[in-house]
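Engineer: build me a structure from this.
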Amino acid sequence: MNGFIGRIVLNMVAISLASYLLDGVAVSGIINLFIVAIIFGIINGVIKPVIVFLSLPITLLTFGLFYLVVNGIIVKFTAAITSLSVATFRDAILAGIIIGLSNWVLQGIFTSKERRH
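Structural biologist: Residues are numbered from 1 along each chain as shown. From the prediction side, this is the model:
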């Protein structure tokens, strides 16, 4: 799923999984989930690389653990401008971990299936 729609669908699945697993994360309705997935993808593609670059020294000092905080910042920023509800920054960090891991796994599954055909 390399296309734009495919990535939106993967983000939708990942965000809904985070919402299901964490009590402090919520999205109501499929349309809102679709909008959140689009905005999250745009933020990941535009703003996250800048934040990662600016936080590179502290990320290196913490052996990469600060990257989890960057993911939490991205989730909180998405929640601030969409209907995504995130109760605490801890929930945002955990949601970032869940979204990242589920996107990684799902992309691996669908990429390997596409390569076989």
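
Engineer: contacts, neighbours, all on C-alpha from now
Structural biologist: Fine.

Engineer: flag every buried residue along the stretch of helix or strand Ile51 belongs to.
Structural biologist: Using DSSP states H and E, Ile51 falls within helix 30-54. Using 16 or more other CA atoms under 10 Å as the burial criterion, the residues of helix 30-54 that qualify are 33-41, 43-44, 48, 52.

Engineer: surely Ser16 and Val27 touch.
Structural biologist: Yes. Ser16 is within contact range of Val27, at 7.4 Å (criterion: CA atoms under 8 Å).

Engineer: list the contacts of stretch 86-97.
Structural biologist: With CA atoms under 8 Å, 6 or more residues apart in numbering as the test, stretch 86-97 has contacts from 15, 18-19, 22, 24-26, 68-69, 71-76, 79.

Engineer: 10 Å instead?
Structural biologist: 14-15, 17-19, 21-27, 67-80, 85, 98-103 (CA atoms under 10 Å, 6 or more residues apart in numbering).

Engineer: what average pLDDT does it get?
Structural biologist: Mean pLDDT, stretch 86-97: 97.

Engineer: tell me the first helix or strand C-terminal of the helix holding Ile51.
Structural biologist: Heading C-terminal from helix 30-54 (DSSP H and E), you reach helix 56-61.

Engineer: rewinding a little: filter the contacts of stretch 86-97 down to the buried ones, PyMOL style.
Structural biologist: The following PyMOL line selects those of those that are buried, judged by 16+ other CA under 10 Å:
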select buried, resi 14+15+17+18+19+22+24+25+26+27+67+68+69+70+71+72+73+74+75+76+77+78+79+85+98+99+100+102+103
